[in-house]
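Visitor: no letters, just coordinates:
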């Protein structure tokens, strides 16, 4: 039977929806933790609990949104309207998430963080579950869905590249306080050069460091031990003096003085506008072609019972949760790793960009590789491979930049295959449910994807926060950083590797082979054709 092909432009339009989602989601996974601890001023353990509590609540909202999506009826379809309705709200709440209101005490900041983060997850759910379900109704062909999934992941990683590659440079641009910097020549036998800084405005939180170089900084008159960066408040017009040692040929351009709060908020405002534009293109550029049986009525109890008995879906739910913990730990700890272990904060942008290029290559290679060896086998092999490669971080010292980039690039190319296969396989699980139960609840099935992504990220955030807290990390006290380096390296290397191996073993239980899927696809096409 002939199946209408999905055009390349429709696939690109669909992919831009995940580009927008990843501007939000990868921005949060990579930067929200360090924003909360180093800019917003929350303790790592507090942030860990925040991440876990907020994401745990997503389980109810994900299932509810899956049901709402299946119940939606409009001239635009079941799932496309939600992409339109949530475009501007999601952009707005993302901007608020990285905005720090003035004159809030610690309790007020914690309340603000909980409220904005919970609201973000609700709006993200209302957008992302219908978006994920849309792929399953764009075409009835499971192989064509694998192709759409490749485009989707390429779009996802392109959006990730925008936020992860550009954000810290945008923070540096928008957060530059325009300070006047002067340097006294270093005298013989002196501890270092004296740097004088005058800020033109009062700033609550200034990050003072050197550009991509290691130097020891000590504020004159303080009892602080030498550190490679300082965080302090500055008053307008007052002079601040620092001793800088370990770096030659100093000039005013050698230093960055960034208002992190202003920098983050303005950078996110810009990226939020891009997010909304991408969602509008997705809405106008896609179509829904797979329509449920007209006489199918909503039966929540039956749909939930069918879902609990859907073996492929149950396996995917657990596997999706674990590999999202794996990915989110790696993303969430990277900025800490480059900032405090490598002392190369601005190199994060180049590192993330290299990883995104590798991710796009991995996503685009997924469809031909899955045809070659099958989805389940490919999933298992790449999980084992990614775990082995990621363990390489445990053997890299702070000077081994080439090795660090190599491990990250290879590991990310392999890790990019996980979500590409995962969302395509959720469509297969929806087909399996329709095949067995003669009912289709696509939105409910795809709620697993959003739940696994969000709750997995919450678990990862809790793990990062608790491990950093255990090692004594305090973002407002640079003297605590050295003692937390072992924890940062553990989170970057050995811990994610162990998770990948466990996930690979569990994936062996996935019951749908490619041959079985072809049988299911053929039978569903026959049923739909008979209804015409």
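Guide: On my side now, so go ahead. Just so you know, these numbers come straight off a predicted model, no measurement behind them. Residues are numbered from 1 along each chain as shown.

Visitor: can you read off the pLDDT for the closest residue to residue 72 other than its chain neighbours?
Guide: Sequence neighbours aside, residue 78 is the residue nearest to residue 72 in space, at 4.7 Å (criterion: C-beta to C-beta, 6 or more residues apart in numbering). C-betas here are computed from N, CA, C, even on glycine. For residue 78, the pLDDT comes out at 86.

Visitor: ok, residue 78 to residue 124 distance?
Guide: 19 Å (C-beta to C-beta, to the nearest Å).

Visitor: neighbour count for the two, which is higher?
Guide: Set side by side, residue 78 and residue 124 show more neighbours around residue 124, with 26 against 23, by other C-beta atoms under 10 Å.

Visitor: the more buried one and residue 324, how far apart?
Guide: Applying C-beta to C-beta to residue 124 and residue 324 gives a distance of 14 Å.

Visitor: how about residue 339?
Guide: From residue 339 to residue 324 the distance is 24 Å (C-beta to C-beta).

Visitor: so those two - more neighbours on which side?
Guide: residue 324 (27 against 24).

Visitor: what residues are up against that one?
Guide: 452-453, 455-457, 460 (C-beta atoms under 8 Å, 6 or more residues apart in numbering).

Visitor: inside helices: which ones of those?
Guide: Counting by DSSP state H, the contacts of residue 324 place 452-453, 455-457, 460 in helices.

Visitor: any chance of these in CSV with distance to residue 66 and neighbour count as columns?
Guide: Formatted as CSV, the ones in helices among the contacts of residue 324 follow (distance: C-beta to C-beta, whole Å; neighbours: other C-beta atoms under 10 Å):
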residue, distance to residue 66, neighbour count
452, 13, 25
453, 14, 28
455, 15, 24
456, 17, 22
457, 19, 26
460, 23, 30
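
Visitor: pLDDT check: weakest of those?
Guide: Among the ones in helices among the contacts of residue 324, residue 453 has the lowest pLDDT, at 70.

Visitor: list the buried residues in stretch 157-177.
Guide: Residues of stretch 157-177 classed as buried under the neighbour-count rule (16 or more other C-beta atoms under 10 Å) are 157-168, 170-172, 174-175, 177.

Visitor: so which of those belong to helices?
Guide: 157-168, 170-172, 174-175.

Visitor: how near is the closest residue to residue 5 other than its chain neighbours to residue 153?
Guide: The shortest distance from residue 5 to any non-neighbouring residue, by C-beta to C-beta, 6+ apart, is to residue 144 (7.1 Å). Separation of residue 144 from residue 153 (C-beta to C-beta): 15 Å.

Visitor: of those two, who's got more company?
Guide: residue 153 (29 against 19).

Visitor: who's in contact with the nearest residue to the more buried one once chain neighbours are set aside?
Guide: Computed as C-beta to C-beta, 6+ apart, the closest residue to residue 153 that is not its neighbour in sequence is residue 363, at 3.3 Å. For residue 363, the contact set (C-beta under 8 Å, 6+ apart) comprises 150, 152-154, 156-157, 416-417, 420.

Visitor: what's the answer for residue 325, then?
Guide: Counting by C-beta under 8 Å, 6+ apart, residue 325 has contacts 456-457, 459-460, 463, 499.

Visitor: state the mean pLDDT of the host helix or strand of residue 53.
Guide: Using DSSP states H and E, residue 53 falls within helix 44-56. The average pLDDT within helix 44-56 is 88.

Visitor: where does the chain have its least confident helix or strand?
Guide: helix 300-308 (a mean of 69; mean pLDDT, DSSP states H and E).

Visitor: following element in sequence after that one, please.
Guide: Moving toward the C-terminus from helix 300-308, the next helix or strand (DSSP H and E) is helix 311-336.

Visitor: that next one - what's its average pLDDT?
Guide: 88.

Visitor: for residue 230, helix, strand, or coil?
Guide: Judged by DSSP: H, G, I helix; E, B strand; the rest coil, the three-state class of residue 230 is strand.

Visitor: and the closest residue to it other than its chain neighbours, how far from residue 222?
Guide: Among residues not flanking residue 230 along the chain, residue 208 sits closest, at 4.5 Å (C-beta to C-beta, 6+ apart). Distance, residue 208 to residue 222, by C-beta to C-beta: 13 Å.

Visitor: and these two? Which one has more around it.
Guide: Legend: neighbour count by other C-beta under 10 Å for residue 208 and residue 222, higher for residue 208 (22 against 11).

Visitor: need the contact list for that one.
Guide: Shown in contact with residue 208 (C-beta under 8 Å, 6+ apart): 197, 217, 229-232, 242, 255-257.

Visitor: over to residue 399?
Guide: Applying C-beta under 8 Å, 6+ apart, no residues qualify as near residue 399.

Visitor: shaky segments in the stretch 201-350 of the chain?
Guide: Residue ranges of the stretch 201-350 of the chain with pLDDT under 70: 212-213, 223-224, 292-300, 303-304, 306, 308.

Visitor: that one: helices as residue ranges?
Guide: Counting by DSSP state H, counting those that start in this stretch, the stretch 201-350 of the chain has helices at residues 260-285, 300-308, 311-336, 347-373.
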